[in-house]
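S.K.: predicted model follows, preceded by the sequence.
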Amino acid sequence: MAPSSERELWNERLFREAHKPMSDSHHPTPSVAAQVLMYVSVALAMVGVSYNFDSVGPVAQLLSRQLGFSDLQIGSLNAVYSFPNMFMPLIGGVLIDRYRVRTVMLLMAAICVVGAAVTALDGRFSVMMGGRLLLGIGAETLYVTVNVALTRWFLGTRSFALLFAMSISLGRLGSYLADRSPSFARTLYDLGWQPPLWLAAGFAAVTLIGAVAYWMIDRYEAARGALAGVALRERIAWRNVLRFPAEYWYLVGLCVAFYSVIFPFRSTFAIKYFQETHGLTLEQASRTNSYVFMAAIFATPMFAFFVDRIGRHALLLVLGSLLLPVVFLCLGTDHVGLWIPTVLLGVSFSLVPAVLWPSITRYVTTEKLGTAYGLITMLQNTGLTLANLFVGHLNDRSLVSSSNAGGYSSMLWFFGVLSLAGLLFAALLRWRETLSQRRARIVIV
């Protein structure tokens, strides 16, 4: 663990860099119109790619009925999306270092379009797996380019942190639209599994439009010297891994456990689960599931603003993590309706990410942030891959269906135990932080 004096120095450096006025730069500031157009282009890219990630959930039961897909195969469609991102942070960092951000963003958006089109093209499982694999390769690296682009354009402005939180909300908006697609595109779902996936390919095309727009705006502003050109080196330096403090590893454990519950449940199996255990129609189940991301669209920036004002990162992570096992306790209880666990899941999914990702900078020095974020992203996607496959296997072994709704108990137990593991890591972080504060008070006295 680094000495407190060293931590104060790098936190002070981070604060100065984040709050440095743009007028200090030797480059002219992009116009407000250019900044707005840039953010709109990024918004299009985020909405389109997030819609595609969540496009499997609404068609899960159609894939099961019409194509005979097992739950393991359905889970594999999202697992293979996450699989390349067990190592893509390495490749993505090299690409961003070597080529312009706008070029990498455009390339990844094009890969997303191809992946979405291949997924919708053919009902064979192998073909759909290939499409989802391509989509995963393009999507996660595109997220990285968006973060770099936001940093390059807005680092030093007062709204920098809020803009980052809003970019997360834009992704949630795409997921919300995917969940609501059985309502606004009901006629497509009535035609079977394929038209809804072609709709997802259309949203991927929106991502490409956003990337093209960003390429044009960024190229124009760079040519006239209006960008500060923040240099971000996100290469992984493995020698730094053993130097990370215990607090960082507690955050990693919480991140892996939390997201291995949220996305496999909400984005893969929840809609099918609601249909087969509560007798909801596809439209009703999708609408219920969408409330989680609808809440996150507005609540995540609010929580981020709140955390910046009061601190208490570890305590808030404990509170957010505590809600998750309660969600699955409620789902496993017959007399509790769906609205209570849905609300709790929405609050947890809004609060934990708003606190978790910025907290990494509290425990890792600036020169190691690339390694820290790269490592946690790789482990997060490893958890997503394995959880999707394992839950699919559990459901198949339990022969889940509308006539065997009780078979989902194994899935609920798995997610509940994994939620408790996330809560344990959050509690350890809180304990460690409290211990450090007590030691600091003793030293002062």
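M.R.: All right, it came through fine. Numbering: from 1, shown residues only.

S.K.: number of residues surrounding Cys255?
M.R.: 22 (other C-beta atoms under 10 Å). All C-beta spots, glycine's among them, are computed from the backbone N, C-alpha and C.

S.K.: doesn't Gln380 make contact with it?
M.R.: Yes: counting by C-beta atoms under 8 Å, Gln380 is a contact partner of Cys255 at 5.5 Å.

S.K.: any common contacting residues for the two?
M.R.: Between them, Cys255 and Gln380 share no neighbouring residue, with contact defined by C-beta atoms under 8 Å, 6 or more residues apart in numbering.

S.K.: where in the stretch 301-445 of the chain is pLDDT low?
M.R.: 308, 311, 366-367, 369-371, 437-445 (pLDDT under 70).

S.K.: 90 instead, please
M.R.: Counting by pLDDT under 90, the ranges of the stretch 301-445 of the chain that qualify are 301-316, 331-347, 349-382, 384-385, 388, 398-408, 432-445.

S.K.: all helices for it, in order.
M.R.: With DSSP state H, counting those that start in this stretch as the criterion, the stretch 301-445 of the chain has helices at 313-331, 339-363, 369-397, 409-444.

S.K.: Asn147: which of these is closest?
M.R.: Of all those, helix 369-397 sits nearest to Asn147, with 9.0 Å by C-beta to C-beta.

S.K.: now do the buried residues in that closest one.
M.R.: For helix 369-397, burial by neighbour count (16 or more other C-beta atoms under 10 Å) applies to 369-396.

S.K.: between helix 409-444 and it, find me the angle.
M.R.: Orientation check (axes from the mean of the first three to the mean of the last three C-alpha atoms, to 10 degrees): helix 369-397 against helix 409-444 gives 150 degrees.

S.K.: quick one: helix 369-397 to helix 339-363, angle?
M.R.: Using the same axes, to 10 degrees, helix 369-397 lies at 150 degrees relative to helix 339-363.

S.K.: quick one: residues contacting the residue lying closest to Leu170 once chain neighbours are set aside.
M.R.: Distances taken as C-beta to C-beta, 6 or more residues apart in numbering place Met46 nearest to Leu170, at 4.1 Å, with adjacent residues excluded. By C-beta under 8 Å, 6+ apart, the contact set of Met46 is 143, 146, 167, 170-171, 173-174, 210.

S.K.: domain-wise, how is the chain divided?
M.R.: 16-235, 239-445 (automatic domain parsing).

S.K.: please state the offset of the first one from the chain centre?
M.R.: In terms of C-alpha atoms, centre = their mean, to the nearest Å, the centre of domain 16-235 is set 11 Å apart from its chain centre.

S.K.: helices of the stretch 151-300 of the chain, start to end?
M.R.: 160-184, 186-190, 194-223, 246-263, 270-278, 282-310.

S.K.: mind putting the ones you listed into a markdown table with distance to Ala427?
M.R.: Compiled in a markdown table, the helices of the stretch 151-300 of the chain are given as follows (distance: least, C-beta to C-beta, whole Å):
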| stretch | distance to Ala427 |
| --- | --- |
| helix 160-184 | 25 |
| helix 186-190 | 43 |
| helix 194-223 | 39 |
| helix 246-263 | 9 |
| helix 270-278 | 27 |
| helix 282-310 | 18 |
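
S.K.: who wins for proximity to Arg362 among those helices?
M.R.: Of all these, helix 246-263 comes closest under C-beta to C-beta, at 7.6 Å.

S.K.: which parts of the closest one are buried?
M.R.: For helix 246-263, using 16+ other C-beta under 10 Å, the buried residues are 247-263.

S.K.: stretch 114-133 too?
M.R.: Quick answer for stretch 114-133 (16+ other C-beta under 10 Å): 114-121, 123, 125, 128-133.

S.K.: swap in stretch 289-308?
M.R.: So for stretch 289-308, counting by 16+ other C-beta under 10 Å, buried means 289-297, 299-301, 303-304, 307.

S.K.: got it, and stretch 275-284?
M.R.: 275-277, 280, 282-284.

S.K.: can you check stretch 403-422 too?
M.R.: 407-408, 410-412, 414-416, 418-419, 421-422.

S.K.: JSON lines for the helices of the stretch 301-445 of the chain, including distance to Arg219?
M.R.: Listed next are the helices of the stretch 301-445 of the chain as JSON lines, based on distance: least, C-beta to C-beta, whole Å:
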{"stretch": "helix 313-331", "distance to Arg219": "39"}
{"stretch": "helix 339-363", "distance to Arg219": "29"}
{"stretch": "helix 369-397", "distance to Arg219": "25"}
{"stretch": "helix 409-444", "distance to Arg219": "43"}
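
S.K.: of all the ones you listed, which one comes closest to Asp179?
M.R.: helix 339-363 (11.6 Å).

S.K.: what angle do helix 246-263 and the closest one make with each other?
M.R.: Using the same axes, to 10 degrees: helix 339-363 against helix 246-263 is 150 degrees.
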